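**Student:** Build the 3D model from these lines:
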Amino acid sequence: MDMVILVLSAFLLAGGCLLLFGLMCFSGERRALSEARELQETGVEVPAVLVALEPLVRTDTLRACYEYPTAGGSHARHVTGVGPNPLHVVGETYSLVRLPRVANKVHMGTMAAVRKERGDRERYVRHAVWMMVSGSTACAMAVTGLVLVP
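**Tutor:** Below is the predicted model:
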């Protein structure tokens, strides 16, 4: 009898942890999915020129600064960290997807990369929902078992 209670308690703890982890994943991924959806639906692909490439102190990454045209005709900058890749050349043009009205939300890559990112985010949200469902089911079954045991 003590072993049954111990197993059901462990099942309850595991289900609760799975439920909490699913909730944490769901909140962050849902926000990222809405940004990816907005970029795919209204994004504009523009050419971005790599204007600066400088090493960061005590890391093996580089700080890349891209300059791209905004909707008003002026130029905006996007700074991101990149790995030590010999394919990054200052002065070369790279693809960048930006929102038509807000210049600070950008995605480095083509529209195909944005579509792939959105699909990945949708899959992550779907998996987080399944984690929450399985965690709540495990908790419900364990609580039912603990109530019926004595």
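**Student:** Only C-alpha atoms from now on, for both contacts and neighbour counts.
**Tutor:** Fine.
**Student:** Which single strand of the chain contains the most residues?
**Tutor:** Ranked by number of residues, the top strand in the chain under DSSP state E is strand 44-55.
**Student:** for the longest helix along the chain, the distance to its chain's centre please.
**Tutor:** In the chain, assigned by DSSP state H, the helix with the most residues is helix 2-42. Offset of helix 2-42 from its chain centre (C-alpha atoms, centre = their mean, to the nearest Å): 15 Å.
**Student:** Same question for stretch 69-82.
**Tutor:** Centroid separation for stretch 69-82 versus its chain: 22 Å, with C-alpha atoms, centre = their mean.
**Student:** rewinding a little: in the longest strand of the chain, what's buried?
**Tutor:** Neighbour counts over strand 44-55 (16 or more other C-alpha atoms under 10 Å) mark Val44, Glu45, Val46, Pro47, Ala48, Val49, Leu50, Leu53 as buried.
**Student:** and if you look at stretch 4-15?
**Tutor:** Along stretch 4-15, these residues count as buried under the neighbour rule (16+ other C-alpha under 10 Å): Ile5, Leu8, Ser9, Phe11, Leu12, Leu13, Ala14, Gly15.
**Student:** Quick check: the farthest pair among the residues you listed?
**Tutor:** Within the buried residues of stretch 4-15, two members stand farthest from each other by C-alpha to C-alpha: Ile5 and Gly15, at 15.1 Å.
**Student:** Can you point out the helix or strand that includes the residue nearest to Val46 when sequence neighbours are not counted?
**Tutor:** Spatial nearest neighbour of Val46, excluding adjacent residues (C-alpha to C-alpha, 6 or more residues apart in numbering): Leu96 at 5.4 Å. Using DSSP states H and E, the element containing Leu96 is strand 93-98.
**Student:** Any idea how far that strand is from the middle of the chain?
**Tutor:** Centroid separation for strand 93-98 versus its chain: 19 Å, with C-alpha atoms, centre = their mean.
**Student:** With just CA atoms, put it into PDB.
**Tutor:** The C-alpha trace of strand 93-98 is given here as PDB (Å, rounded to 0.1, in the frame of the first residue of the first chain):
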ATOM      1  CA  THR A  93      24.300  42.600 -49.300                       C
ATOM      2  CA  TYR A  94      22.200  40.200 -47.300                       C
ATOM      3  CA  SER A  95      18.400  39.600 -47.200                       C
ATOM      4  CA  LEU A  96      16.400  41.000 -44.300                       C
ATOM      5  CA  VAL A  97      12.600  40.900 -43.700                       C
ATOM      6  CA  ARG A  98      11.200  43.900 -41.800                       C
END
